[in-house]
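**Q** sequence and predicted structure, then a few things I'm wondering about:
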There are 2 protein chains.
Amino acid sequence: VSRLNPEILAELISVLGQDHVARGASVLELHSHDESTHPPVLPDAVVFPGSTADVSAVAELANRHGIALTAFGAGTSLEGHTVPVHGGIVIDFARMNRVLQVHATDFQVTVQPGVLRLDLEKQLSGFGLFFPPDPGANASIGGMIANNAAGIRTVKYGATRDHVLALEVVLADGRIINTGSRSVKQSAGYDLTHLIVGSEGTLGLVTEATLLVYPVPEHFSTAIVSFPDVPHAAEAVYGIMGHGLDPAAVELVHQDHIAWMNEDEGADLPVAPSLMIEFTGPNEKAVGEAMTSALEICDQAGSTGSDRGLGREARNAMWRMRHSIRERVHRRFPGHRIISVDVAVPISRFPDLIAFSQDRAAARGLDYRVIGHAGDGNMHMNLNFAPDDAVARRNAETLNGELIDKALEMGGTSTGEHGIGIGKRAYLVAEHGAEAVAVMRGIKKTLDPNNILNPGKVLPDE
Amino acid sequence: VSRLNPEILAELISVLGQDHVARGASVLELHSHDESTHPPVLPDAVVFPGSTADVSAVAELANRHGIALTAFGAGTSLEGHTVPVHGGIVIDFARMNRVLQVHATDFQVTVQPGVLRLDLEKQLSGFGLFFPPDPGANASIGGMIANNAAGIRTVKYGATRDHVLALEVVLADGRIINTGSRSVKQSAGYDLTHLIVGSEGTLGLVTEATLLVYPVPEHFSTAIVSFPDVPHAAEAVYGIMGHGLDPAAVELVHQDHIAWMNEDEGADLPVAPSLMIEFTGPNEKAVGEAMTSALEICDQAGSTGSDRGLGREARNAMWRMRHSIRERVHRRFPGHRIISVDVAVPISRFPDLIAFSQDRAAARGLDYRVIGHAGDGNMHMNLNFAPDDAVARRNAETLNGELIDKALEMGGTSTGEHGIGIGKRAYLVAEHGAEAVAVMRGIKKTLDPNNILNPGKVLPDE
């Protein structure tokens, strides 16, 4: 790939207008990193397109000159996705942040990629609707699509992938394609929509998306349940899933995080390995009955206490606390960097994975804390270390690698929801095999022959 | 593409063994057609592989000699998918019909592609599990994957696409790849799994699939509800979906089909446009409450009667009757051919689509009957005609085309669940645009450069 020389820069400015091409030091710095530990790299310029035509023009230019073009939404990715490792142009979708149309009577919404999750939530709530995928961070919808983001509600509603009906995509050479349709059932030709979802900006740039949304459930029943240890909690999770109870969330939280929540937020939760369980639906009795069944299962699995009487405020506070775990690690370890483990396994292996993870962390003299989207078999750990502590960093990286190897051995994946980015490329062949990765490479070459779209991501170097 | 000459045939036999290569007239005839009206074409040979290695060897041979290779499961497709329009080899997966492993504690099953839906259902029931996609026909699982089959339970559980976690796929040149993993959450690299699902045997041959299955719901509540006319029924459907009640089935059935069911099966259903509604779940009270809410909505929409007291036998009989509609058309019109309309639209447009369809049919002096997976906005009509009645055939084809044009105009799709096959290729550009179809063609060329895999399907001729 080439760098942006003055002639190309002049051309870029003539295409987009001076106001929408930035080269200031602070803008370049802001677009040099995401929230991961991957080293920052400065882009040559940051552009702020206002329309699909702008995006198309930028792609055409970048492709013609062989300049790297890396998409940027909210910068909340955790594996280096937005780091422009080959410099070039970062394309920031902040100006393309409109909700274009709420198809309320179809339970669909058409958005631009730059809209932020919480802004979408706010606009949809006026229609009694919501978009379920909830990664915690206030990500952009374009970033969530690029990354197939998931989160706490995935156990009931699925990941971002399951909510994308149709896309407008700008290809590497500036061509614009439309994929999918507004029908919820689709069998017409190759599924380009789901090829683009999760491709991390390496196959095309999403400029418009039609998403499936849902009526806000009128009723909820939320409980927090304590267990003597994590294996007992994991057994309860298995029972709840096995009964087909269809919970809206089943989150496992380490006792230290519970203690921190109590300290930081004045909460009064029993300090024990805990499950946060929620059922939602349109019928109050049905939701309550489902929770009764779930708590019976927890009881049989040895739970030591539960609080099912959470009102709306207490419940919202609990989920805010759950979402702030990463932030809380930052607060407790000021200046620390965090590697976020994101392995996922078939649910029957989840207890073993947790036991293994705790053992390995202990064997290395580390005290990292397991949390997880337990209903999905998706385990996280925040591995934090001081930026200058090379030993701790190596320990964290080694542990992350060991956990990935273990998850793959269990038939699972190196990444349940954070994506490959820079960090997991080393495991792609181990996960899918060399032949499947060769097919991915073939598809990349077909769609982006000059390798300008987010080069250095997803696929391992050849 | 080339035809199978004696030298290549000899090579094929030496690879698979004499017993697994068939050239008899009846075998060739059986593999010359599916259940559609597309003209049959005889293959040069039919092979019955017993293993992935066999499939790989056949593909390698076919690719080397440039011979068409068309996959065959149960032959129940409705758009000509299995018709070997360029002759060559049909690869029948009947011998690869084993359930390889039930991962009961993970709610997953690994199967060979030749296993039939009802055989899988039987084997899973011993574990208290079931595979939701139910197209009615006793299709092979490989065919359902190739076609992204759906059916009556899709409104709750999704289509086949939503149940495929991992695949083993033989590529055109014989290479074997593995896609996905046994984790229910996946964000590792390009989604090859869902590129293969729905690609109708044109990108690769599925030789093994790991599917998501569910606990058999312990409780159900099933009702049949009568309406004065179809628009009132459609309004009720919209209300049920809008309340987020999560029904397991919402089927619209034309009054004539109800009358035929009564006559043929000795049933005693009110002859009126009807909705067949079912809720399922692990909690009896919750299921009953949901049905109560649904029937209140039907009431408000003007329903004229309902029977919610269906026991297990009556309920099973009702669904068997629903599934036999196509068969019943065959019985009433002996020897007739049937074109199966399969358009789908955003749900708010479903009433308009139905009104338009009835008007157009009436304007042509036809008396075709609307049925549909109403909760998904997916409408079917069985357009039947005597094989030698060219006028009726033309009328049916024209009506089908008009309904597709209308569905596309409404933001919908030419095919909700039957796939493109031969019959819908003419609409692919209208649905997705020339640029998107060009991308599909690029992917096809990357994966199958010699165009040996099911040539003449999905993509329009260049």
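**A** Received it, and whenever you're ready, just let me know what you need. Numbers count the residues shown, from 1 in each chain, chains lettered A, B, ... in the order given.
**Q** what's the weakest-modelled helix or strand in chain A?
**A** Lowest by mean pLDDT, DSSP states H and E among the helices and strands of chain A is helix A:230-242, with a mean of 88.
**Q** who does that helix touch, helix- and strand-wise?
**A** Helices and strands touching helix A:230-242, by 3 or more CB pairs under 8 Å, 6 or more residues apart in numbering or on different chains; DSSP states H and E, are strand A:249-253, strand A:274-281, helix A:284-300, helix A:350-363. For every residue, glycine as well, the C-beta is placed using N, CA and C.
**Q** most tightly surrounded among the ones you listed?
**A** Ranked by average neighbour count under the criterion mean count of other CB atoms under 10 Å in any protein chain shown, the helices and strands packed on helix A:230-242 are headed by strand A:274-281 at a mean of 26.
**Q** which residues sit against that one?
**A** The contact list for strand A:274-281, computed with CB atoms under 8 Å, 6 or more residues apart in numbering or on different chains, reads A:156, A:217-227, A:233, A:236-237, A:240, A:245-253, A:255, A:258, A:287, A:290-291, A:294, A:298, A:315, A:318-319, A:322, A:374, B:244, B:246.
**Q** narrow these to just the buried residues.
**A** A:156, A:217, A:220-227, A:233, A:236-237, A:240, A:245-253, A:255, A:258, A:287, A:290-291, A:294, A:298, A:315, A:318-319, A:322, A:374, B:244, B:246 (16 or more other CB atoms under 10 Å in any protein chain shown).
**Q** assign residue A:78 to helix, strand or coil.
**A** The three-state assignment at residue A:78 reads coil, by DSSP: H, G, I helix; E, B strand; the rest coil.
**Q** nearest to residue B:54, of the helices and strands packed on helix A:230-242?
**A** Residue B:54 sits nearest to helix A:350-363 of all the helices and strands packed on helix A:230-242, at 35.8 Å, using CB to CB.
**Q** quick one: strands adjacent to the next helix or strand after the closest one?
**A** Counting by DSSP states H and E, the next helix or strand C-terminal to helix A:350-363 is strand A:370-373. Sheet pairing of strand A:370-373 (DSSP bridges) gives strand A:249-253 (antiparallel), strand A:378-385 (antiparallel).
**Q** just the mean pLDDT for stretch A:107-121, thanks.
**A** Taken as a whole, stretch A:107-121 has a mean pLDDT of 97.
**Q** the residue nearest to residue A:233 when sequence neighbours are not counted and chain B, how far apart?
**A** Using CB to CB, 6 or more residues apart in numbering or on different chains and skipping residues adjacent in sequence, the residue nearest residue A:233 is residue A:227, 4.0 Å away. As judged by CB to the nearest CB, to the nearest Å, residue A:227 and chain B stand 20 Å apart.
**Q** repeat that for residue A:213.
**A** In this view, residue A:213 and chain B are 11 Å apart by CB to the nearest CB.
**Q** burial count for that residue?
**A** As a burial measure, residue A:213 scores 21 neighbours (other CB atoms under 10 Å in any protein chain shown).
**Q** what's near enough to touch the nearest residue to it once chain neighbours are set aside?
**A** Nearest residue to residue A:213, sequence neighbours excluded (CB to CB, 6+ apart): residue A:129, at 4.6 Å. Counting by CB under 8 Å, 6+ apart, residue A:129 makes contact with A:102, A:104, A:107, A:109, A:213-216.
**Q** who's residue A:129 bridged to?
**A** Beta-bridge pairing of residue A:129, defined through DSSP bridges, involves residue A:215.
**Q** next: residue A:382.
**A** Judged by DSSP bridges, the bridge partners of residue A:382 are residue A:340.
**Q** repeat that for residue A:252.
**A** Assessed by DSSP bridges, residue A:252 has beta-bridge partners residue A:275, residue A:372.
**Q** surely it meets residue A:229?
**A** No. Applying CB atoms under 8 Å as the test, residue A:252 and residue A:229 come out as separate, 11.5 Å apart.
**Q** so what sits against both of these two?
**A** The contact sets of residue A:252 and residue A:229 overlap at residue A:273 (CB under 8 Å, 6+ apart).
**Q** now the residue positioned nearest the centre of chain A: closest residue in space, sequence neighbours ignored.
**A** Centroid-nearest residue in chain A, with CA atoms, centre = their mean: residue A:149, separated by 3.2 Å. Sequence neighbours aside, residue A:135 is the residue nearest to residue A:149 in space, at 4.3 Å (criterion: CB to CB, 6+ apart).
**Q** quick one: contacts for the residue nearest to residue A:13 when sequence neighbours are not counted?
**A** Spatially, and ignoring its direct neighbours in sequence, residue A:13 is nearest to residue A:21 (5.0 Å; CB to CB, 6+ apart). Counting by CB under 8 Å, 6+ apart, residue A:21 makes contact with A:9, A:12-13, A:45-48.
**Q** filter those residues down to the buried ones, ChimeraX style.
**A** Applying 16+ other CB under 10 Å to those, the buried members can be selected in ChimeraX as follows:
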select /A:12,13,45,46,47,48
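**Q** out of the contacts of residue A:21, the closest to chain B would be?
**A** The nearest member of the contacts of residue A:21 to chain B, counting by CB to the nearest CB, is residue A:47 at 23.0 Å.
**Q** contacting residues around the closest one?
**A** Contacts of residue A:47 by CB under 8 Å, 6+ apart are A:12, A:16, A:20-22, A:54, A:58, A:89-92.
**Q** equivalent analysis for residue A:223, please.
**A** Residue A:223 makes contact with A:276-278, A:291, A:294-295, A:306-308, A:310, according to CB under 8 Å, 6+ apart.
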